[in-house]
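In: Here's my sequence, what's the structure:
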Amino acid sequence: MVRLVSVGFSILALAIFRPLGLDVLGWMMPMHLIAILVLGTGICYVTETILTYPFNMPSSLEKGVGYIIHRNLWFQIINTPLMALMVCTYLHFVISGTGEDEPLSWKGYLQTLLVLAFCSFAIGLYWRYKFRSRYLAVELEETKNLNEQLLKSQTLEDVVQPSSAITLTGTTNESVTLQIDQLMYIEAVGNYVKVYQFRNGEVHADMLRATSKQMENDLRSYPMIVRCHRAFLVNLGQVDHLVSHSGSMQLFMKHSNETLPVSRSNMAGVKEAINGMTSI
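Out: Numbering: from 1, shown residues only. So this is what the prediction gives:
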């Protein structure tokens, strides 16, 4: 429906500006404009296919409003020249030889491209702000639900956050023993990891010569510990709340002023972990 409305606006602009001598169509012009509307909608689907496969840019709300806006910009860049070529080709077979202007020429193509580029710019601005407000409303509601799920999961301490000891070892003889419910997060720092835990009312950090991938494997049996970023593993039981904005997410930790970023590639996993913890 969005593409149909956008193409319809462009066809209306063609009817108003009438490039390429459209006046020669006379009373037949509305029927030809309807035909262009149908063909133009088809061109939009062709552009969608080009973006989804060769450009590997599928339409996905999960990737955030910034991604959608960037994708729509590429849609306009590809679709507008294709639309202008389609219009000129169609009119070439309809009005060629009936007027002074030849539709399928550089002059005709540039005239049509100018009109459609103006329409594309205006339509892009309209849908950008309309889509942004709609997406942000959905994002706000999702963030509220995730925080509710996070709070609910943290009340299931016996199931989700067992108080059991675990020993994390590195590639050397060093090791760190802690209660799993006291683990806050693990940060990768070069060839080392920093293990943060809340113990005796304070936040402690221990260094181990290891990789975050190794730590992730050692903690795989604890569903509340997930990767939120290539540099961070986080214990969701130690997250106070999360904040989402424009497709980005941050985790605010308990007992400290620290915030952990959630990368786009790990966002779905974090959301799935939060929702899954309450269904155990």
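
In: Could you pull out the strands in this protein for me?
Out: Using DSSP state E, the strands of the chain run over 165-169, 175-179, 183-189, 192-199, 202-208, 225-229, 232-235, 239-245, 248-253, 259-262.

In: got those as a markdown table, with distance to Leu33, mean neighbour count and mean pLDDT columns?
Out: Where you see a C-beta, it was placed from the backbone N, CA and C, and this is true even at glycine. Formatted as a markdown table, the strands of the chain follow (distance: least, Cβ to Cβ, whole Å; neighbours: other Cβ atoms under 10 Å; pLDDT from 0 to 100):
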| stretch | distance to Leu33 | mean neighbour count | mean pLDDT |
| --- | --- | --- | --- |
| strand 165-169 | 69 | 14 | 89 |
| strand 175-179 | 71 | 15 | 91 |
| strand 183-189 | 59 | 21 | 96 |
| strand 192-199 | 64 | 19 | 95 |
| strand 202-208 | 68 | 14 | 94 |
| strand 225-229 | 52 | 22 | 96 |
| strand 232-235 | 56 | 23 | 96 |
| strand 239-245 | 42 | 17 | 91 |
| strand 248-253 | 43 | 18 | 93 |
| strand 259-262 | 48 | 18 | 96 |
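
In: out of those strands, nearest to Leu151?
Out: Nearest to Leu151, of all the strands of the chain, is strand 239-245, at 8.2 Å by Cβ to Cβ.

In: Okay, angle between that closest one and strand 225-229 too, please.
Out: 30 degrees (axes from the mean of the first three to the mean of the last three Cα atoms, to 10 degrees).

In: what's the angle between strand 239-245 and strand 183-189?
Out: Using the same axes, to 10 degrees: strand 239-245 against strand 183-189 is 60 degrees.

In: now strand 239-245: how far from the chain's centre is it?
Out: Strand 239-245 sits 18 Å away from the centroid of its parent chain (Cα atoms, centre = their mean, to the nearest Å).

In: just stretch 59-78 next, same as before
Out: 8 Å.

In: picking that back up, format the strands of the chain as JSON lines; extra columns: distance to Tyr53.
Out: Below are these laid out as JSON lines (distance: least, Cβ to Cβ, whole Å):
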{"stretch": "strand 165-169", "distance to Tyr53": "44"}
{"stretch": "strand 175-179", "distance to Tyr53": "47"}
{"stretch": "strand 183-189", "distance to Tyr53": "35"}
{"stretch": "strand 192-199", "distance to Tyr53": "39"}
{"stretch": "strand 202-208", "distance to Tyr53": "44"}
{"stretch": "strand 225-229", "distance to Tyr53": "29"}
{"stretch": "strand 232-235", "distance to Tyr53": "33"}
{"stretch": "strand 239-245", "distance to Tyr53": "29"}
{"stretch": "strand 248-253", "distance to Tyr53": "27"}
{"stretch": "strand 259-262", "distance to Tyr53": "28"}
